[in-house]
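Undergrad: give me a 3D structure for the following:
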Amino acid sequence: MLLPVLAVVAGLVLLIWSADKFIDGAAATSRWLGLSPLLIGMLVIGFGTSAPEMMVSVLAALQGSPELAVGNAYGSNIANIGLVLGFVALMAPLAVHSSVIRKEMPVLMVVTVLTGLILLDGFVARWEAAVILLILGGFMILSILQSRAQKDDALMGEVSETLDNHPMSRGVALTWTLVGLIVLVGSSRLLVWGAVEIATAFGVSELIIGLTVVAIGTSLPELASSISALRRKEHDMVLGNVVGSNLFNTLGVVGLAGVITPIEAGPDVLTRDWIVMTAMTMLMIIFAFSWRGRPRRINRMEGGILLALFGAYTAYMVSLVL
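TA: Modelled structure (predicted):
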């Protein structure tokens, strides 16, 4: 039992480190390739912060544990909004300036509802997973077109400033991208093995482990990058990390896992986890948008609400194990 626990701890530590290096290297490499700062912020960083979830879920599906993949995706979305966004907003109110992020949030709500419709029969078939991946491809194409048409945006300025503050040569950027990716794969494999072994030892479902330990662990890179962005007063980067990561989790993580092996999701996934994820996504959008003269920002009280909801959900999930 000690070995699986050590594998999970080591896997999470290496996962956080490698994700950070992979994101930095990929963002710098993208700049060397001539991508716009807005596109780097929308796609490269959004994809990079979802890389741990994606890698863990793909390996879980390949090893015959698709429930762990779904739990990781949905649990990470809940953690991103409740833990990451809630905690950061509790530290300092988050102003929302970027029009790009305001456009992405309704898209996130739509795809969240779509995944719920897919889960109505408790099963994600390969063709449904393929459709999800096609939607992700369409979103990426639209993002590229939008970044070309958008002349200026708050997110663009924040990404440019971040890249300017952490310059990398082409060789260093490529090296960190490659090293980060290799360690990411290895640490994900270690984490999945340990998580499955723990689930088996305690007699709990892999879904529960995915929704708790693995989900919180793979959301830690988003928390670290968001706190760092908050210190630089890059509020749109914080919200962009969460929205972008949740889009890739909902579409890419579930889609990839479902294409590898059909996913049989129990009724709890829809009636419990999907409902919590959808409610928190809706709250995030309501808090972030301006209405009745209300400023576009997520204040401390709203951050506290999101964090409290995450705490209540996590406490309930832990009670199922004990």
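Undergrad: after the worst-scoring helix or strand of the chain on mean pLDDT, next one along is what?
TA: Taking mean pLDDT, DSSP states H and E as the measure, helix 37-39 is the helix or strand of the chain with the lowest mean score, a mean of 61. Later in the chain than helix 37-39, the nearest helix or strand by DSSP states H and E is helix 45-62.
Undergrad: kindly export that next one (C-alpha atoms) in CSV.
TA: What follows is helix 45-62, C-alpha atoms only, in CSV (Å, rounded to 0.1, in the frame of the first residue of the first chain):
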residue,chain,number,x,y,z
ILE,A,45,-1.6,28.1,-22.5
GLY,A,46,-5.1,26.8,-22.3
PHE,A,47,-4.0,23.5,-23.8
GLY,A,48,-0.9,23.4,-21.7
THR,A,49,-2.7,23.8,-18.4
SER,A,50,-4.9,20.9,-19.4
ALA,A,51,-2.0,18.7,-20.4
PRO,A,52,-1.8,16.9,-17.1
GLU,A,53,-5.5,16.0,-17.3
MET,A,54,-5.2,15.0,-20.9
MET,A,55,-2.2,12.8,-20.3
VAL,A,56,-3.6,11.1,-17.2
SER,A,57,-6.9,10.4,-18.9
VAL,A,58,-5.4,9.0,-22.0
LEU,A,59,-3.2,6.7,-20.0
ALA,A,60,-6.1,5.7,-17.8
ALA,A,61,-8.2,4.8,-20.9
LEU,A,62,-5.3,2.9,-22.4
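Undergrad: state the next helix or strand along the chain beyond it.
TA: helix 66-79.
Undergrad: in that following helix, what's buried?
TA: Neighbour counts over helix 66-79 (16 or more other CB atoms under 10 Å) mark 66-79 as buried. In this view, the C-beta of every residue, glycine as well, is placed from N, C-alpha and C.
Undergrad: likewise for stretch 44-52?
TA: Per 16+ other CB under 10 Å, stretch 44-52 contains these buried residues: 44, 45, 46, 47, 48, 49, 50, 51, 52.
Undergrad: any figure for the gap between the last one and residue 96?
TA: Residue 52 sits at a distance of 26 Å from residue 96 (criterion: CB to CB, to the nearest Å).
Undergrad: ok, the fourth one next?
TA: Residue 47 sits 22 Å away from residue 96, going by CB to CB.
Undergrad: likewise for the first one?
TA: Per CB to CB, residue 44 is found 21 Å from residue 96.
Undergrad: shaky segments in the stretch 51-200 of the chain?
TA: By pLDDT under 70, the weakly predicted segments of the stretch 51-200 of the chain are 97-100, 147-165.
Undergrad: would you map the strands across it?
TA: Using DSSP state E, counting those that start in this stretch, the strands of the stretch 51-200 of the chain run over 94-95, 123-124.
Undergrad: nearest to residue 202 among the ones you listed would be which one?
TA: strand 123-124 (25.6 Å; CB to CB).
Undergrad: how many residues are close by the closest residue to residue 55 other than its chain neighbours?
TA: The shortest distance from residue 55 to any non-neighbouring residue, by CB to CB, 6 or more residues apart in numbering, is to residue 188 (4.0 Å). Neighbour count for residue 188, taken as other CB atoms under 10 Å: 27.
Undergrad: wait, isn't residue 188 in contact with residue 11?
TA: Yes. Assessed by CB atoms under 8 Å, residue 188 is found in contact with residue 11 at 7.1 Å.
Undergrad: these two touch, right, residue 75 and residue 217?
TA: No. Counting by CB under 8 Å, residue 75 stays clear of residue 217, with 9.8 Å between them.
Undergrad: local confidence estimate at the closest residue to residue 64 other than its chain neighbours?
TA: Once flanking residues are discounted, residue 64 sits nearest to residue 261: 7.0 Å by CB to CB, 6+ apart. Looking at residue 261, its pLDDT reads 90.
Undergrad: quick one: the helices in the stretch 101-250 of the chain, in order.
TA: 126-149, 154-165, 170-202, 206-209, 215-231, 235-248 (DSSP state H, counting those that start in this stretch).
Undergrad: which among the ones you listed is found nearest to residue 274?
TA: Of these, the one closest to residue 274 (CB to CB) turns out to be helix 206-209, at 12.0 Å.
Undergrad: in that closest one, what counts as buried?
TA: Buried residues in helix 206-209 (16+ other CB under 10 Å): 206, 207, 208, 209.
Undergrad: and these, which is the shakiest by pLDDT?
TA: Minimum pLDDT across these falls on residue 206, with 80.
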